[in-house]
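# next come a sequence and a model predicted from it.
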Amino acid sequence: MKHINIAVIYGSDSSEWQVSCRSGEYVASRIDDSKYSIYEIFARYGQWNLVSFRKKGAMRIQFPEEARPEINKNDFSVNVYGETIKFDFAYIMQHGTPGENGLLQGYLEMLGIPFSSCSSFVSAVTFDKFACKSYLRDVDFVHLAKDALIRKGGDVKAFTKFVTENLGYPVFIKPTAGGSSFGVTKVKKAEDIEEALGCALVEGDTVMAEKAIVGREVTCAVYRGKGGALNVLPVIEIITDNEYFDYDAKYNGHSEEVCPAEIDEALTKQIQEVTKKIYAHLGCSGVVRVDYIVSEEGLYFLEVNTIPGMTNASLVPKMIRTAGIDITEFLSEIIENA
């Protein structure tokens with residue numbers, strides 16, 4: 001084994017911080033404690049503290065919130081009962097900034113500490129939905145919906161006119177950075193764009209409009225395994241009771257996630273191959289999930305998730321179970337092949 005002291009980092013500076021905690025706690029509970037010592041770190045707004053630790057082959061010890069040891073960011077270590085522990089691997093489970101947009105990765109890269117996700121550069125590119133689509137505009141293996149970009153303080157009237165004339169309705173107004181559908185609105189007429197922009201700008205300073213594509217929503221994940229091979233997981237179809245796969249549908253039970261998706265073998269293979277191509281084209285690492293719409297015109301790219309949810313009910317763990325892979329072995333493979 002290349003690594004012994006595994007730091008699982010969760011919490012974040014974004015609206016997704018509570019989801020991040022659930023993902024991080026799940027991952028920490030499933031890492032093989034016969035191989036590794038696991039340390040859970042809650043990190044939010046620059047304050048990093050040790051929540052609990054589980055030394056190899058020992059029981060988990062949790063600290064009261066008011067007595068959590070502080071992480072030393074100078075060398076990414078912590079003092080526990082007089083012993084200095086230096087972490088030699090970071091399993092990043094921060095949804096949103098700084099764990100998904102490259103900031104945390106940059107810190108770890110400067111210290112020379114390996115981690116579970118994409119590099120700082122790739123994370124920064126893929127976290128911004130508009131930038132990520134820009135990297136894929138010239139590929140011939142997936143479609144991209146028409147879109148438009150506006151920054152905080154931009155000309156809303158000109159933006160609305162452009163959307164109306166070039167995209168048409170309905171469109172999704174969404175922050176370019178962020179996840180879990182925070183700040184996303186489906187807009188069906190020009191008069192509603194300004195209000196939707198206000199909602200999206202709460203989450204960030206850059207917003208995009210994207211033409212709504214009619215079709216079936218599917219998602220697929222891929223990860224780099226032993227020997228650098230790209231391993232693809234089963235496709236999931238998302239069927240929601242709501243108008244689209246919003247926060248309520250994702251986390252409050254208003255959706256059905258069919259795994260494996262009930263689609264023909266040719267389409268399944270196409271989605272899996274496209275997912276591997278996107279992963280390779282963007283230079284991804286770790287486990288990455290890619291979302292799509294299957295329309296009459298073909299397969300449309302929605303977004304890349306470089307830190308996908310990892311709760312027991314999340315999409316990637318469902319794919320892993322459907323593939324017949326043990327989650328503990330899966331996490332070991334991510335750690336050892338980072």
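Okay, I see it.

# is residue 38 in a helix, a strand, or coil?
strand (DSSP: H, G, I helix; E, B strand; the rest coil).

# tell me the buried residues in stretch 292-300?
Buried residues in stretch 292-300, counted by 16 or more other CB atoms under 10 Å: 292, 293, 294, 299, 300. No exception for glycine: its C-beta is placed from N, CA and C like everyone else's.

# oops, could you answer that again for stretch 71-83 instead?
71, 76, 78.

# ok, stretch 305-312 next?
Buried residues in stretch 305-312 (16+ other CB under 10 Å): 305, 306, 307, 308, 309, 310, 311.

# quick one: the last one and residue 26 touch, right?
Yes. Contact criterion CB atoms under 8 Å: residue 311 and residue 26 qualify, at 5.1 Å.

# identify the contacts common to those two.
residue 317 (CB atoms under 8 Å, 6 or more residues apart in numbering).

# can I get the lengthiest helix in the chain in CSV? Just the C-alpha atoms.
Ordering each helix of the chain by length in residues (DSSP state H) puts helix 265-282 first. Taking Å, rounded to 0.1, in the frame of the first residue of the first chain, the C-alpha atoms of helix 265-282 are listed here in CSV:
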residue,chain,number,x,y,z
GLU,A,265,-27.5,-2.3,-25.3
ALA,A,266,-26.3,-0.1,-28.2
LEU,A,267,-27.3,3.1,-26.3
THR,A,268,-25.8,1.8,-23.1
LYS,A,269,-22.5,1.2,-24.8
GLN,A,270,-22.6,4.6,-26.5
ILE,A,271,-23.2,6.4,-23.2
GLN,A,272,-20.4,4.5,-21.5
GLU,A,273,-18.0,5.1,-24.4
VAL,A,274,-18.8,8.8,-24.5
THR,A,275,-18.3,9.0,-20.8
LYS,A,276,-14.8,7.5,-21.1
LYS,A,277,-14.0,9.9,-24.0
ILE,A,278,-15.1,12.9,-22.0
TYR,A,279,-13.0,11.7,-19.0
ALA,A,280,-9.9,11.3,-21.2
HIS,A,281,-10.5,14.5,-23.2
LEU,A,282,-10.7,16.6,-20.0
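
# partners of the next helix or strand after that helix, with directions?
Per DSSP states H and E, the first helix or strand lying C-terminal to helix 265-282 is strand 287-295. Sheet pairing of strand 287-295 (DSSP bridges) gives strand 216-224 (antiparallel), strand 298-305 (antiparallel).

# tell me which of the buried residues of stretch 71-83 fall in strands.
residue 78 (DSSP state E).
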